[in-house]
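Trainee: Dropping a prediction and its sequence here:
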Amino acid sequence: MIPAISNIIAGALIIIFCIPLLMNKISMNQWYGIRFRKSFESTENWYKINKYGAGRMVRWSFIIIVISIAVLFLPLHGNKTIQVIMLLCIPLIIIIPVIESWLYAKKLPSDE
């Protein structure tokens, strides 16, 4: 039960932190946002990459939340495998959208 709740909380927090990025409210900075080299080439790239990446993170977070809620209703009967799989889902919320965002950023034209 703890892994599922952890995934739900992590997913919800990621969604909350992505909302300003989706709305283009975060200007270029060193602390908050998706910071690839390509992101810093122009303001336009910054907003495009961050909006795309935030959208991908929200989608993946939503998927993990839905799966985690479903797991809460599954009878586990001491099955540790499902709990381990749930714990492994938390990094996926970050890893997969970061890779998708990086691939997206590579497609943008360079300003160099």
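Mentor: Yes, it's here.

Trainee: Pull out the buried positions in the helix or strand of the chain with the lowest mean pLDDT.
Mentor: The weakest-scoring helix or strand in the chain, judged by mean pLDDT, DSSP states H and E, is helix 80-107 (a mean of 83). For helix 80-107, the neighbour count (16 or more other C-beta atoms under 10 Å) marks Q83, M86, C89, I90, I93, P97, E100, S101, Y104, A105 as buried. Every residue, glycine included, has its C-beta placed from N, CA and C.

Trainee: Remind me which helix or strand the residue nearest in space to the middle of the chain belongs to.
Mentor: Nearest residue to the geometric centre of the chain (C-alpha atoms, centre = their mean): M57, 2.7 Å. Using DSSP states H and E, M57 sits within helix 43-72.

Trainee: Format the buried residues of helix 80-107 as TSV; extra columns: distance to I8.
Mentor: Formatted as TSV, the buried residues of helix 80-107 follow (distance: C-beta to C-beta, whole Å):
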residue	distance to I8
Q83	14
M86	10
C89	10
I90	10
I93	11
P97	18
E100	22
S101	23
Y104	27
A105	29
